[in-house]
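[1] This is a predicted model, with the sequence first.
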Amino acid sequence: MMRFLAPYLAGGAVAAVLGAAGLAWHLSAEVDRLQARAQILDTMLTGCNGRVADLHLDKERDDAVDSIPDSDLGRSVPDRWLLPAE
């Protein structure tokens, strides 16, 4: 009886091995694709972090200028920054 089942068992084993190899190949390609996507997203996030840092620095500089009383503008701010008198 085992002699009759041997070719079927061998064929099933070969099919299982080929299926597992195909799945491993597919998952390997998927991992590579996802790693590339993660690198792209990391680069984009780094750019966003830089822009946010620039915005915070710009706001701090604006706040420093805005906190100067109008009476001190002549001493603290260059003339080219001031609006002409009306």
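    Yes, it's here. Predicted model only: the values in this text are computed from it and were never measured.

[2] going forward, measure contacts between C-alpha atoms and count neighbours the same way
    OK.

[3] so what's Pro69 up against?
    Under the criterion of CA atoms under 8 Å, 6 or more residues apart in numbering, Pro69 has no neighbours.

[4] Please report how far it lies from Ala20.
    Pro69 sits 75 Å away from Ala20, going by CA to CA, to the nearest Å.

[5] show me where the chain has helices.
    Taking DSSP state H to define them, one finds helices in the chain at 2-66, 73-76.

[6] which of these has the lowest average pLDDT?
    Considering the helices of the chain one by one, the lowest average pLDDT is found for helix 73-76, at a mean of 72.

[7] How many neighbouring residues does Val65 have?
    Taking other CA atoms under 10 Å as the criterion, the count of residues near Val65 is 13.

[8] roughly how far apart are it and Asp58?
    If you measure Val65 against Asp58 using CA to CA, the figure is 11 Å.

[9] Check Gln35 too.
    Separation of Gln35 from Asp58 (CA to CA) stands at 35 Å.

[10] ditto for Asp42
    Between Asp42 and Asp58 the distance is 24 Å, computed by CA to CA.

[11] try Gly22
    Applying CA to CA, the value for Gly22 to Asp58 is 54 Å.

[12] Over to Ala29?
    Summarising the geometry, the distance separating Ala29 from Asp58, computed by CA to CA, is 44 Å.

[13] same question, Ala6
    When CA to CA is applied, the distance between Ala6 and Asp58 equals 77 Å.

[14] go on, Asp70?
    Counting by CA to CA, the gap between Asp70 and Asp58 amounts to 21 Å.

[15] And those two? Which one has more around it.
    In terms of neighbours (other CA under 10 Å), Asp58 is the more surrounded of Asp70 and Asp58; the figures are 12 against 9.

[16] Let's have the helices of the chain in CSV, adding distance to Leu82.
    As requested, the helices of the chain are arranged in CSV below (distance: least, CA to CA, whole Å):
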stretch, distance to Leu82
helix 2-66, 12
helix 73-76, 8
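
[17] can you tell me how far Val52 sits from Asp42?
    Counting by CA to CA, the gap between Val52 and Asp42 amounts to 15 Å.

[18] Which pLDDT value goes with Met1?
    66.

[19] Please read the previous query as pertaining to Glu86.
    In the prediction, the pLDDT value recorded for Glu86 is 62.
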